[in-house]
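Asks: structure for the following, please:
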Amino acid sequence: VIQIHCFMPIHFPLTNRRQFLGSLGGGLITLQAHGFAEEAQEDLIYLLNDTHIGEKHPPASSVPMNLKQVVRELTGLKQKPVATIINGDLALKDGQDGDYRHFAGIISPLQKARVSLHLTLGNHDNRDAFYRIMKEEQPK
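Replies: You can find the predicted model right below:
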């Protein structure tokens with residue numbers, strides 16, 4: 001047992017992949033990927049943060065282009081990661097329907113490639129707007 005007597009820096013104990021993913025379970029929206037297990041590289045997790053995709057971003061804008069580049073990289077892998085987590089903020093400012101339509105279009109190749117995809121919503125996201133666009137992901 002290690003005792004830490006100060007408040008900074010903050011230390012996080014090591015966890016294994018199963019514990020890490022289990023601890024995320026309560027706050028995740030999971031996009032299904034059937035048959036994924038045999039294709040997964042179990043020691044690889046992609047973590048993307050703050051995509052801030054907006055409906056009105058120009059097609060060549062760096063914001064959507066960066067996410068598109070990562071999507072191309074992920075779909076091109078021979079062995080997919082065991083999980084790809086996209087932490088909110090998914091939407092640009094306040095989570096408009098068009099933001100999520102644009103976001104959904106960008107990540108659709110991940111779903112087609114059967115990449116295990118998990119999303120979290122952030123303070124710029126609007127849960128109702130998200131589920132209007134991503135209807136199939138709404139918990140029942």
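Asks: rest of the way, CA atoms for contacts and neighbours
Replies: Will do.
Asks: low-confidence bits of this protein, can you list those?
Replies: 1-39 (pLDDT under 70).
Asks: most centrally placed residue in it?
Replies: Closest to where the C-alpha atoms of the chain average out (CA atoms, centre = their mean) is residue 86, at 1.7 Å.
Asks: quick check: next helix or strand after the longest strand along the chain?
Replies: Counting residues, the longest strand found in the chain (DSSP state E) is strand 40-49. Later in the chain than strand 40-49, the nearest helix or strand by DSSP states H and E is helix 62-76.
Asks: helix or strand next in line after that next one, which one?
Replies: Downstream of helix 62-76, the next assigned helix or strand under DSSP H and E is strand 80-87.
Asks: so how far is that next one off the chain centroid?
Replies: Mean-position distance between strand 80-87 and its chain equals 6 Å (CA atoms, centre = their mean, to the nearest Å).
Asks: one more: stretch 58-76?
Replies: The chain centroid and the centroid of stretch 58-76 are separated by 14 Å under CA atoms, centre = their mean.
Asks: just the buried positions in that stretch, please.
Replies: 63-65, 67-68, 71, 74-75 (16 or more other CA atoms under 10 Å).
Asks: again, but for stretch 87-96
Replies: Within stretch 87-96, the residues that qualify as buried by neighbour count (16+ other CA under 10 Å) are 87-92, 94-96.
Asks: circling back: quick one: contacts of the longest strand of the chain?
Replies: Contact partners of strand 40-49, identified using CA atoms under 8 Å, 6 or more residues apart in numbering, comprise 17, 79-89.
Asks: show me the two of these that sit farthest apart.
Replies: For these, with distances taken as CA to CA, the pair at the greatest spread is 79 and 89 (27.3 Å).
Asks: neighbours around residue 140, how many?
Replies: By the criterion of other CA atoms under 10 Å, residue 140 has 4 neighbours.
Asks: assign residue 93 to helix, strand or coil.
Replies: coil (DSSP: H, G, I helix; E, B strand; the rest coil).
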